[in-house]
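> Pasting a predicted model and its sequence here:
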Amino acid sequence: MTRRSLGALLAAVLLGSALTTAGEAAARLRVVATIPDLAALTEAVGGDRVTVDVLARAGQNPHDLEIRPSLMVKLRRADALVVNGLDLDQWADAVIRGASNAGVVPGAPGHIDASRGVPVLDVPAGRVDRSMGDVHPRGNPHYTLDPGLAAVVTQNILEGLARVAPAERPVFERQRQAFLERLDGAMPGWQARLAPVRDARIVVYHNNFVYFLRRFGLTQVGTIEDRPGIPPSPAHLARLIGTLRDGRRPLLVVAEPWNDQRLAARLAEEAGGRLVVLNPKPGASRGGDAYLAAVEANVEALARAMRRDPS
Ligand SMILES: [Zn+2]
């Protein structure tokens, strides 16, 4: 095939797909979320009235995303942007500047900060400086991992989407309500399956799980990182292992896919604990299902580690 005919074919294909989707796409809001949890929760509220794109994909550390032009392209034509806030996704500021989209800059109707009204944990008491590592100066930003805060987060998303598309508010409200009912239905099961994990001591690689652990009454006894975002010092690790070694309660060491797995596994082994990897890549589900599946996967991984099942 010549280059010209290939080009013509490609144009025809693109035109064809543009024509078939133009009707629905015109009615849909284009929303971008910074992290996968927020993308899923936005789909839960927006349903088929939105198309949601995500900047930091699952499996990418949401703390320090590399800013690429492709991210700015995603945001250029967006009607709304959902950010985590609390300085987790500060890199979004550079993406916003690069996208030159006045509709999604901070203060614009299409800029949705999902953290509004979240009761923030771990707010540093004193002054924060770089020598302390990547400390989140406004408190722990990892609230989306707690399904108990989904009501607050989806309320923020609903308000934001309704600012951009006021006529759709009743639809968003209905969809949010339906999602929260399913979440509430799943909550007692999660609580029950995590009840045995309350006997365990939990060490986390990075301080990502305070909201989740608190929701389910689980006990965090240490972090592998002594300064957030910085590889731990040998002295800290030795001290940590020393404090963990002769505990009578079971020990679970929690890491995420982007952490140093070998280090986490070594620590678990030396301290007599079990390694649990949370936040796996989500499966094929989307929207509210994807959010519920992500919580489900974390619950199951912890419960399984506690049962000491082989896989
Ligand atoms: Zn963090």
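Thanks, I have the structure now.
> what about V253, which helix or strand?
strand 251-255 (DSSP states H and E).
> I'd assumed V197 was in contact with L251.
No: if you go by C-beta atoms under 8 Å, L251 and V197 don't touch, sitting 11.5 Å apart. (Glycine included, C-beta is placed from N, CA and C.)
> Give me the contacts around the strand holding V253.
Residues outside strand 251-255 that contact it (C-beta atoms under 8 Å, 6 or more residues apart in numbering): 197, 200-205, 209, 224, 244, 261, 264, 267-268, 271-278, 302, 305-306.
> Strands of the protein, start to end?
29-33, 50-54, 80-83, 111-113, 201-204, 219-223, 251-255, 274-277 (DSSP state E).
> Parallel or antiparallel, which strands does the third one pair with?
As defined by DSSP bridges, the strand partners of strand 80-83 come to strand 29-33 (parallel), strand 111-113 (parallel).
> In PyMOL, select just the buried ones from the contacts of strand 251-255.
With 16 or more other C-beta atoms under 10 Å as the criterion, this PyMOL line picks the buried residues out of the contacts of strand 251-255:
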select buried, resi 197+200+201+202+203+204+205+209+224+244+264+267+268+271+273+274+275+276+277+278+302+305+306
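> Show the average pLDDT along the strand holding V253.
What strand 251-255 shows for mean pLDDT is 97.
> all numbers from here: first residue = 98
Sure, I'll start numbering at 98, so the last one becomes strand 348-352.
> List the strands paired with it, with their directions.
Sheet pairing of strand 348-352 (DSSP bridges) gives strand 298-301 (parallel), strand 371-374 (parallel).
> could you dump the ones you listed to CSV with distance to R154?
Formatted as CSV, those follow (distance: least, C-beta to C-beta, whole Å):
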stretch, distance to R154
strand 298-301, 22
strand 371-374, 17
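> Where does pLDDT dip in this protein?
Across the chain, the ranges flagged by pLDDT under 70 are 98-123, 379-381, 406-408.
> switch to 50 and redo it
Applying pLDDT under 50 to the chain picks out residues 98-99, 113-117, 122, 408.
> And the helices in this structure?
Counting by DSSP state H, the chain has these helices, from start to end: 100-124, 133-143, 166-173, 189-196, 247-261, 266-291, 307-312, 331-342, 358-368, 384-404.
> then stretch 330-349 to PDB, C-alphas only?
What follows is stretch 330-349, C-alpha atoms only, in PDB (Å, rounded to 0.1, in the frame of the first residue of the first chain):
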ATOM      1  CA  SER A 330      18.800   4.600  55.800                       C
ATOM      2  CA  PRO A 331      20.400   1.300  56.900                       C
ATOM      3  CA  ALA A 332      20.300   2.600  60.500                       C
ATOM      4  CA  HIS A 333      16.600   3.100  60.400                       C
ATOM      5  CA  LEU A 334      16.000  -0.300  58.900                       C
ATOM      6  CA  ALA A 335      18.100  -2.000  61.500                       C
ATOM      7  CA  ARG A 336      16.200  -0.200  64.300                       C
ATOM      8  CA  LEU A 337      12.900  -1.000  62.700                       C
ATOM      9  CA  ILE A 338      13.700  -4.700  62.400                       C
ATOM     10  CA  GLY A 339      14.900  -4.700  66.000                       C
ATOM     11  CA  THR A 340      11.600  -3.300  67.300                       C
ATOM     12  CA  LEU A 341       9.600  -5.700  65.200                       C
ATOM     13  CA  ARG A 342      11.400  -9.000  65.600                       C
ATOM     14  CA  ASP A 343      10.100 -10.400  68.800                       C
ATOM     15  CA  GLY A 344       6.600  -9.200  68.700                       C
ATOM     16  CA  ARG A 345       3.900 -11.800  69.600                       C
ATOM     17  CA  ARG A 346       1.400 -10.400  67.200                       C
ATOM     18  CA  PRO A 347       1.600 -11.300  63.500                       C
ATOM     19  CA  LEU A 348       3.400  -8.800  61.300                       C
ATOM     20  CA  LEU A 349       2.300  -7.600  57.800                       C
END
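> Good, we can wrap up now.
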